[in-house]
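Enquirer: Need a 3D model of the following:
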Amino acid sequence: MIDSVTDERVQVHLDPEQGPFVYVVGAEDCKRLEYLLDAEYFVPYLKVKSPDLSLPVAWIYSFGSIADPRKLQALLDGI
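Expert: Numbering: from 1, shown residues only. The predicted structure is shown next:
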């Protein structure tokens, strides 16, 4: 998945306590990602606004500590 605002590949990051997460900036990208996660792939996630002030309005999607980051990245790469 390429973020339409940043023109960069959406990459899975790892938090040692919370598990894998991704940043998404574009509102349309968020809508598309949420539809696919909810309706197509049935992947649970938690969406929160990023506290990083250096980014425009960005959202963080957290997937929990049991989610497989490699599978998540493969899923995102297919979008």
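
Enquirer: now the helices for this protein?
Expert: With helices called from DSSP state H, the chain shows them at 27-35, 69-77.

Enquirer: just the angle between the last one and helix 27-35, please?
Expert: Calculated by axes from the mean of the first three to the mean of the last three CA atoms, to 10 degrees, helix 69-77 forms an angle of 120 degrees with helix 27-35.

Enquirer: mind checking how far the closest residue to residue 73 other than its chain neighbours is from residue 45?
Expert: Leaving aside its chain neighbours, residue 73 sits nearest to residue 12 (4.5 Å; criterion: CB to CB, 6 or more residues apart in numbering). C-beta: built from backbone N, CA, C; applies to glycine. Distance, residue 12 to residue 45, using CB to CB, to the nearest Å: 12 Å.

Enquirer: Specify which residue of these two has the higher count of neighbours.
Expert: residue 12 (21 against 18; other CB atoms under 10 Å).

Enquirer: The more buried one reaches residue 69, doesn't it?
Expert: Yes: between residue 12 and residue 69 a contact is recorded at 4.7 Å, counting by CB atoms under 8 Å.

Enquirer: who are the neighbours in contact with the residue nearest to residue 73?
Expert: 20, 21, 22, 69, 72, 73, 76 (CB atoms under 8 Å, 6 or more residues apart in numbering).
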